[in-house]
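[1] Return a 3D structure for these sequence lines:
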Amino acid sequence: MDTQIVFTLKDLLLSLLWIALIVFVVFLIVLLIEFIRTVRLARTMLTDRREEIDRIISITPGIVASVDKITGIAAKGVDGAYQGAMSIVNKFKK
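    Coordinates of the predicted model:
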């Protein structure tokens with residue numbers, strides 16, 4: 001008794017499509033599990049470090065103001081150096 005098993009191209013492509021779909025669903029499940037773990041870890045870190053985070057948030061405006069002040073001073077210094085260099089260049093042009 002000779003038996004033959006015949007697969008059409010359509011059957012093969014359909015099988016590959018189902019396998020790809022199963023792999024994709026497993027990938028999405030693993031991705032969702034990792035996302036949930038990350039969110040849970042972030043929540044625990046935020047609750048554990050709440051006081052330090054609040055202290056940093058209260059200090060930050062002062063730091064930003066200091067950086068803004070230093071940046072203004074540096075900009076004036078660079079502008080003064082530029083003006084001085086240009087006056088020297090202009091003297092040599094004459």
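
[2] Now do the phi/psi pair for V6.
    The phi/psi pair for V6 (degrees, to the nearest 10) reads phi -120, psi 130.

[3] Counting neighbours, what do you get for it?
    V6 has 5 neighbours, counted by other Cβ atoms under 10 Å. Quick note: C-beta positions are derived from backbone N, CA and C, even for glycine.

[4] For L12, see how far away it is.
    V6 sits 11 Å away from L12, going by Cβ to Cβ, to the nearest Å.

[5] cool, V89 as well?
    77 Å.

[6] Also M86?
    Distance from M86 to L12, by Cβ to Cβ: 76 Å.

[7] Could you do I70 as well?
    From I70 across to L12, the span is 69 Å (Cβ to Cβ).

[8] low pLDDT regions in the chain?
    Applying pLDDT under 70 to the chain flags residues 1, 94.

[9] How is it divided into domains?
    Domain ranges of the chain: 1-48, 60-94, per automatic domain parsing.

[10] could you redo those domains as a markdown table and give each row distance to D54?
    Converted to a markdown table, the domains of the chain look like this (distance: least, Cβ to Cβ, whole Å):
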| stretch | distance to D54 |
| --- | --- |
| domain 1-48 | 11 |
| domain 60-94 | 11 |
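
[11] Quick one: list the elements packing against the longest helix seen in the chain.
    Using DSSP state H, we find that the single longest helix of the chain is helix 50-93. Contact here means 3 or more Cβ pairs under 8 Å, 6 or more residues apart in numbering; DSSP states H and E; on that basis helix 50-93 packs against no helix or strand.

[12] gap between it and the chain center?
    Helix 50-93 has its C-alpha centroid displaced from the chain centroid by 27 Å (Cα atoms, centre = their mean, to the nearest Å).
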